[in-house]
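J.: fold the following, please.
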Amino acid sequence: MPYGIPEIALQSYAYAASVLDRSAPDCHIGWPTLAAIGAVMSDHGAADGATVAADATVSPPLRGLHRARVELPIVDDTDGGRTDGDRTRDVPMGPMQLMPSVWEQWSTSARNEVGPSPDNLDDAALSVARLLCAAGGDLSVAEGWAKGVAAVNATPDFAAAVHEQAALYAR
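T.: Numbering: from 1, shown residues only. You can find the predicted model right below:
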C-alpha cells in the first residue's frame, strides 16, 4: 500500500491528475493534493467501515462525515434528496464529501459508459480535480492552491489538514 493509500484510491487520484494535466495544463494539479483531500474527508473511502470495490465504488455510501475536523453548516436542501438521499438538508457525500450543489456543477464521469456517481472514487476525484483547477487556476503557487482547496471547504482547519497530508504524500 504505497504511501498508506489503497492502490485503487491511488489510481483514482493519479488518473484524475493526469486527465487535468492534459485538459488544463496550466493548473499543475498533482495527485498528492487529491489524495490529501480523500484522506482528510473519508480515509480514501474507508471511513466508517466502508470499502472501495475494484470499480472504485464506495460502499456503503458515505454521507455527512465530520472527518475534516470542522463544523459543517446546515444547508437547506437543494436536490430534493435526489443525490444525497436527504430531503431536508444537503449533506456532503461520497469519498470526497462534496455537497450536492457542488456535485451538480462539477461532477464528471471517469467511466464514460455511465453517468457520474459521488460514490465512485474515480468520478469523485476527477470532479474535485476539475473544481480545484477552476477555482485555483495555477495550483503550483500557494495562492492558487489555497483558492482551489477553499472551493472544496473554506475553513482554515480543512486547508491546514489537507496541506499537512499533501506535504507527506509529496515527499
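J.: spatially nearest residue to residue 75, not counting backbone neighbours?
T.: residue 90 (4.3 Å; CB to CB, 6 or more residues apart in numbering). (Glycine included, C-beta is placed from N, CA and C.)
J.: same check on residue 146?
T.: residue 159 (6.3 Å).
J.: list the buried ones in the helix or strand containing that neighbour?
T.: Secondary structure from DSSP states H and E places residue 159 in helix 156-169. Residues of helix 156-169 classed as buried: 158, 159, 161, 162, 163, 165, 166, 169 (neighbour count, 16 or more other CB atoms under 10 Å).
J.: go ahead and name everything in contact with that helix.
T.: Applying CB atoms under 8 Å, 6 or more residues apart in numbering, the external contacts of helix 156-169 come out as 3, 5, 31-33, 35-37, 39-40, 68-70, 146, 149-150, 152-153.
J.: would you mind giving the secondary structure of the residue nearest the centre of the chain?
T.: In the chain, the C-alpha nearest the mean C-alpha coordinate belongs to residue 96, at 3.1 Å (CA atoms, centre = their mean). Recorded secondary structure, residue 96: coil (DSSP: H, G, I helix; E, B strand; the rest coil).
J.: contacts only, for it.
T.: 37, 38, 41, 42, 118, 121, 124, 125, 127, 128, 152.
J.: go through the residues you listed and flag which are in strands.
T.: Taking DSSP state E, every one of the contacts of residue 96 sits outside strands.
J.: can you give me the strands for this protein?
T.: With DSSP E as the criterion, the chain has strands spanning 51-52, 58-59, 75-76, 89-90.
J.: paired strands for the third one, with orientation please.
T.: Each strand that pairs with strand 75-76, with its direction, by DSSP bridges: strand 89-90 (antiparallel).
J.: starting at the chain centroid, how far to the partner strand?
T.: How far strand 89-90 lies from its chain's middle: 18 Å, per CA atoms, centre = their mean, to the nearest Å.
J.: with that, I have no additional questions.
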